[in-house]
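A.B. asks: just a sequence and a predicted model for now, questions to come.
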Amino acid sequence: MMRFIKVFFLYLWGPINLVLLRQALRSYGYHTVKIGESTFHGPAEFLRTCEEAMADLSKLDSQAYRALTVDRQYTFWYGRHLLVCDLFTGVFSIDDTFLQWGTFGITARLVEAYYSTLFIKRQLRSVFHKSDANKKVDQMKDCTRSWLISHNYPSELVECFG
């Protein structure tokens, strides 16, 4: 019963939290770009790099691109020193660690978001047993690493997913 209450509460809180996040990002003076079902928030230069990364992803992996632009809603935002991954609402921040790699780093974060929702399916981590959650996170990291290696991304960037 407690599990049901927790899930029900988060189903209500998720959309409210997303609205509050978008309002906060607007108050920071962030601009917004929408690419299919994915919305990006951040400074203009950051958004240009995100658009380039999405264009690269569309050429490299049509399945991941489709998942990010058609199948589900995602929200990506620039968080200078804050790395957030909320699978439940599909919110992912992109921090300076990813941004320093330019389109490579942002594409890597997009691929990580794709595999995160593919394996964890936007379920609450608390719904899983901890060992199941850890296995799914490991799967996500392995697939992200494999994807980056198969597309000849820099080994230093691939190591970030180790």
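C.D. replies: Perfect, I can see it now. Numbers count the residues shown, from 1 in each chain.
A.B. asks: quick one, what contacts Gly162?
C.D. replies: Applying C-beta atoms under 8 Å, 6 or more residues apart in numbering, we find Gly162 in contact with Lys141, Arg145. In short, each C-beta sits where N, CA and C put it, glycine included.
A.B. asks: let's see it at 10 Å
C.D. replies: Residues near Gly162 by C-beta atoms under 10 Å, 6 or more residues apart in numbering: Lys141, Asp142, Arg145.
A.B. asks: list buried residues within the residues you listed.
C.D. replies: The neighbour count (16 or more other C-beta atoms under 10 Å) marks Lys141, Arg145 as buried among those.
A.B. asks: out of the contacts of Gly162, which comes closest to Ala64?
C.D. replies: Arg145 (14.5 Å; C-beta to C-beta).
A.B. asks: that closest one against His151, yeah?
C.D. replies: No. Using C-beta atoms under 10 Å, Arg145 is not in contact with His151, being 11.1 Å away.
A.B. asks: joint contacts of those two?
C.D. replies: Common neighbours of Arg145 and His151 (C-beta under 10 Å, 6+ apart) are Ala108, Val111, Val158.
A.B. asks: of the residues you listed, which belong to helices?
C.D. replies: Ala108, Val111, Val158 (DSSP state H).
A.B. asks: just the buried ones from those residues?
C.D. replies: Judged by 16+ other C-beta under 10 Å, buried ones among these: Ala108, Val111, Val158.
A.B. asks: what's the distance between the first one and Trp147?
C.D. replies: This points to Ala108. For Ala108, the distance to Trp147 (C-beta to C-beta, to the nearest Å) stands at 9 Å.
A.B. asks: kindly report the same for the last one.
C.D. replies: Val158 is 9 Å from Trp147, where distance means C-beta to C-beta.
A.B. asks: show me whatever sits in contact with both of those two.
C.D. replies: Common neighbours of Val158 and Trp147 (C-beta under 10 Å, 6+ apart) are Ala108.
A.B. asks: shared neighbours of Ala108 and Trp147, anything?
C.D. replies: Tyr153, Val158, Phe161.
A.B. asks: Tyr115: which of the residues you listed is nearest?
C.D. replies: So of those, ranked by how close each gets to Tyr115 (C-beta to C-beta), first place is Phe161, at 9.8 Å.
A.B. asks: that closest one reaches Ser116, doesn't it?
C.D. replies: No. Phe161 is beyond contact range of Ser116, at 11.5 Å (criterion: C-beta under 10 Å).
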